[in-house]
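> Based on what follows, work out the 3D shape:
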Amino acid sequence: MNDFTKFIKSNQEQAVASWVNYLNQVRIDQLLSSFKEQDENLLNALSSVDDAVKRINLEVVTSNRGGQHGMHGFIAELAEVGIGNARKHILGQDPVYQWVNDNGPVDLVRGSVDIQQKFVASGGRFSLGAITEHLEKYPDYVKNGGKYQIPRDHFEVVKRLYSMPPEESGKFLSRSGDGPSFTDWRRIDAFFRQGSIDLESLEPSTLEYRQVQRGVYESTMADEENSLRSIDRSLRDNAYQESLPTLGEGASATLTAAAVEGGTAFVLAVVAKKRQGTQFREFTQQDWIDIAGQTGVSFGKGGIRGSSIYALTNFTATSAAVASSIVTASFGIAEQANKLRRGEIDELEFIENAELLSLEAAVSALSSFVGQAVIPVPVLGAVIGNTVGAIMYRTVASSLSTREAELVERYLDEQRVLDEQLAAEHQELIQKLDEGMSDYLGLLERAFSPDVQIALLGSAELARRLGVPADEILDSEEKIHAYFLD
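Here you go, the predicted model:
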């Protein structure tokens, strides 16, 4: 593979890595943006509840507005506005409730809908009696699109009894005072039989009747704040789950990388054929088979590269540039391993080639990383960085190659001379060792001979060879007699 082909493939590989990194970064940016927006949403939601509590304390409780029996109605209005807007804020939506506060026919406005709130427990009519009084005073209220809002628990009872047929009402409703009674059903039935209003004109409040009483509303609003925080955590969890890598995105990265690498290989294969002097129209069937083979292999490598980079960047602490270089080095080393198994290179060449491949991959990774940091444009920065880094690396490598080759050649010559010299000395030492060992074995044989006379002479000779002083060696009868008898 020539330098130009290496250069193109290196840029293509880092471009794929940069693109995968861009996909990952988009998800991360979206997650951080979602968290930032949610911070503001939660703040606005809690502020809406806090403002409602402050207004209730100041404008209703402190001023005793509505008196002992009517205060809870004004508490309910402000609580509905605060909670209703808070539940919009937590979802990132605009507030919809406004408190009218003019003692007129409308208590609240939700968007373009007028709302009259009735929180009345007296009379046992689930706030419907208060609606009747309001309709008598403002007969066109419903016709003009207005709605009545009653406590949520009141609405549930009204809706249930409204839908109950007469034949069931006397059979299933309580007559002991536990739960809705038959009398309640009759009152609700009579209310709707008047025909001035239907169930569609009623709606439940966010709160129940008991939750807006003077001694209870603060805990009600505190519970709502806890509920808002719970919703906030759920929304953040959803945003985090949506930001996680997906099988679909991984498949897209795999296919895109395969297509890019396969396309690059196709172009390079065609260019290589043309450089050999073959015109495009002269390509033979074998030429196209060769091109298709190279394209197919690169398509497979590209798929492996895309999936590997996606996995490494999402499930390990590895940057895209480094991940691509790891894959590139792995492919190269695997190819060198095949050559080693086929006997095309020896172990030393395998190690040297693997080191060189790893070095080039590291230079590519570092250059792409720096380029992307300096030029924060997806893909473009990585390609430019890799281009500059590759050119600098090859320039430095070529400028040093001549001197390095001379140094290596001189070193090899010195090693050859030294090897020959050491080999000669080694052979000489081996020969001397063999001669000495032969003499030593001969002495041992004589020293331990069954013949006493031979053994005596052999022992004496062995002692002299081992450096025993001559006067201490028993090599004569006189010395033996003197040693044992004197």
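> Only C-alpha atoms from now on, for both contacts and neighbour counts.
OK.
> just checking, next helix/strand downstream of the helix or strand encompassing S34?
Assigned by DSSP states H and E, S34 belongs to helix 3-55. Downstream of helix 3-55, the first helix or strand assigned by DSSP H and E is helix 67-89.
> Can you name every helix or strand that that following helix contacts?
Applying 3 or more C-alpha pairs under 8 Å, 6 or more residues apart in numbering; DSSP states H and E, we find helix 67-89 packed against helix 3-55, strand 97-99, helix 217-243.
> okay, now the domains of this protein?
In terms of domains, the chain is parsed into 3-27+244-413, 28-240, 422-485 (source: automatic domain parsing).
> about what we covered before: how about the helices and strands packed on helix 67-89, which one is nearest R416?
helix 3-55 (33.5 Å; C-alpha to C-alpha).
> what pLDDT, on average, does the closest one get?
Mean per-residue pLDDT for helix 3-55: 79.
> what's the answer for stretch 113-129, then?
89.
> could you pull out the helices for this protein?
With DSSP state H, the ranges of helices along the chain come out as 3-55, 67-89, 128-137, 152-162, 166-172, 182-193, 217-243, 247-275, 285-315, 320-342, 347-374, 380-447, 452-465, 477-485.
> what's the third one in contact with?
This points to helix 128-137. The contact list for helix 128-137 (C-alpha atoms under 8 Å, 6 or more residues apart in numbering) reads 105, 118, 120, 123, 141, 148, 188, 191.
> Which one of these is nearest to H72?
V120 (9.2 Å).
> where among the helices of the chain is the average confidence lowest?
Across these, the lowest-scoring stretch is helix 347-374, with a mean of 56.
> ok so, going back, what's the closest of the contacts of helix 128-137 to K432?
Out of these, the member with the shortest distance to K432 (by C-alpha to C-alpha) is Y148, at 120.7 Å.
> Pairing partners for the closest one in the sheet, please.
Beta bridges link Y148 to Q116, L202, judged by DSSP bridges.
> That one against L199, yeah?
No. Assessed by C-alpha atoms under 8 Å, Y148 is found out of contact with L199, at 9.8 Å.
> ok, these two, which is more surrounded?
Y148 (25 against 13; other C-alpha atoms under 10 Å).
> And that one, how far from A76?
For Y148, the distance to A76 equals 13 Å [C-alpha to C-alpha, to the nearest Å].
> G70 now?
10 Å.
> Among those two, which residue is more densely surrounded?
Neighbour totals were compared for G70 and A76, and A76 leads with 26 against 14 (other C-alpha under 10 Å).
> Pull the contacting residues for the more buried one.
119, 207, 212.
> Adding neighbour count, write those out as a markdown table.
Listed next are these as a markdown table, based on neighbours: other C-alpha atoms under 10 Å:
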| residue | neighbour count |
| --- | --- |
| F119 | 26 |
| L207 | 18 |
| V212 | 26 |
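> now those in TSV, with distance to E156?
As requested, those are exported to TSV (distance: C-alpha to C-alpha, whole Å):
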residue	distance to E156
F119	14
L207	12
V212	17
